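> Predicted structure and sequence below. I'll ask about it afterward.
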Amino acid sequence: MSETALSKAIRTALEQRGLWVIRVQSGVIPAVYKGRRRHIHCAEPGTPDLFVVDRGVWLEVKPARGKLRPEQRAWHEKAARCFVRVVVVRSVREALAALGLLPAVRRAA
């Protein structure tokens, strides 16, 4: 599954559970405005993909074999120093677990 498809599946699963999820676009996007080349500056490089407002948690979405880029590592480290929670998730299940939304597993006695 692509990172885009995974991000959408995670957003859908969380929103179905009533959570407020914001998708964040980072980096710079080239644009033309009134005939002149411009750049639209989005969130700073390395900003995680999703912010779950209700839980105050950032989710970095990565496919199964995806790796963090250096600017993502730096953002996560900066966030940790400021007591901001960032979780790397690779599936809908991991996202639900990170937010405490999976039912407890009962073990046979």
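Now that the structure is in, tell me what you want to look at.
> now the longest helix belonging to the chain, how far from the chain's geometric center?
Secondary structure of the chain read by DSSP state H shows that its longest helix is helix 3-16. Its chain's C-alpha centre and that of helix 3-16 lie 10 Å apart, by C-alpha atoms, centre = their mean, to the nearest Å.
> Could you spell out the sheet neighbours of whichever helix or strand comes after it, each with its direction?
The first helix or strand that comes after helix 3-16 along the chain, using DSSP states H and E, is strand 21-23. Sheet pairing of strand 21-23 (DSSP bridges) gives strand 50-52 (antiparallel).
> before we move on, the earlier item: give the rounded mean pLDDT of the longest helix of the chain.
Helix 3-16 carries an average pLDDT of 96.
> do stretch 83-94 as well
For stretch 83-94, mean pLDDT rounds to 96.
> And for stretch 53-61?
97.
> I'd like the numbering to begin with 25 instead of 1 from here.
Got it, first residue is 25 now, which makes that one stretch 77-85.
> Check which residues of it are buried.
R79, V81, W82, L83, E84, V85 (16 or more other C-beta atoms under 10 Å). Using the backbone N, CA and C atoms, a C-beta is placed for each residue, glycine as well.
> quick one, helices of the protein?
Using DSSP H, helices in the chain cover 27-40, 94-105, 116-122.
> out of the ones you listed, which comes closest to H63?
helix 94-105 (17.1 Å; C-beta to C-beta).
> tell me the mean pLDDT over stretch 90-103?
96.
> quick one: contacts of it?
27, 68-72, 82, 84, 86, 109-110, 112, 114 (C-beta atoms under 8 Å, 6 or more residues apart in numbering).
> try 6 Å this time
P69, G70, T71, V110 (C-beta atoms under 6 Å, 6 or more residues apart in numbering).
> For the buried residues of stretch 77-85, please prepare a markdown table with the additional fields distance to Y57.
Shown next, in a markdown table, are these (distance: C-beta to C-beta, whole Å):
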| residue | distance to Y57 |
| --- | --- |
| R79 | 37 |
| V81 | 35 |
| W82 | 30 |
| L83 | 32 |
| E84 | 31 |
| V85 | 30 |
